[in-house]
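Undergrad: Can you look at this prediction? I've put the sequence above it.
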Amino acid sequence: MRPLGIPNIKDRAAQTAVKVLESIFEADLPEEQYACRHQKNAVEAVKRAQCLLNRDRPLEAVDADLPGYFDAIRTSS
């Protein structure tokens, strides 16, 4: 355990790499996708869905529990 929560060099390098990858993948995502995105959250997704429903536009919503999904995968032994 490190005192004061100061990241070591390896942690900082990994954090920087993830930040660079985040910007690359963020550019490819469609605007209507809200999951796990910077400055987008579930409340904004619900507001947008309500707006589309009020305009009688077709709406498709997907909710997935990926951690639960991976718990159910069988591993070969």
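TA: That came through fine.

Undergrad: quick one: the helices in the chain?
TA: 9-28, 42-54, 66-71 (DSSP state H).

Undergrad: Let me know which of those is tucked in deepest.
TA: Among the helices of the chain, the stretch with the highest mean neighbour count (mean count of other Cβ atoms under 10 Å) is helix 42-54, at a mean of 12. The C-beta positions use only the backbone N, C-alpha and C, and glycine is treated the same way.

Undergrad: weakest of the helices of the chain by average pLDDT?
TA: Least confidently modelled of the helices of the chain is helix 66-71, at a mean of 67 by mean pLDDT.

Undergrad: so who does the residue most central in space within the chain touch?
TA: For the chain, the residue whose C-alpha lies nearest the mean C-alpha position (Cα atoms, centre = their mean) is Cys36; its distance is 1.7 Å. Contacts of Cys36 were listed using Cβ atoms under 8 Å, 6 or more residues apart in numbering, and none were found.

Undergrad: Relative to Arg12, how far out is it?
TA: Here Cys36 is placed at a distance of 22 Å from Arg12 (Cβ to Cβ, to the nearest Å).
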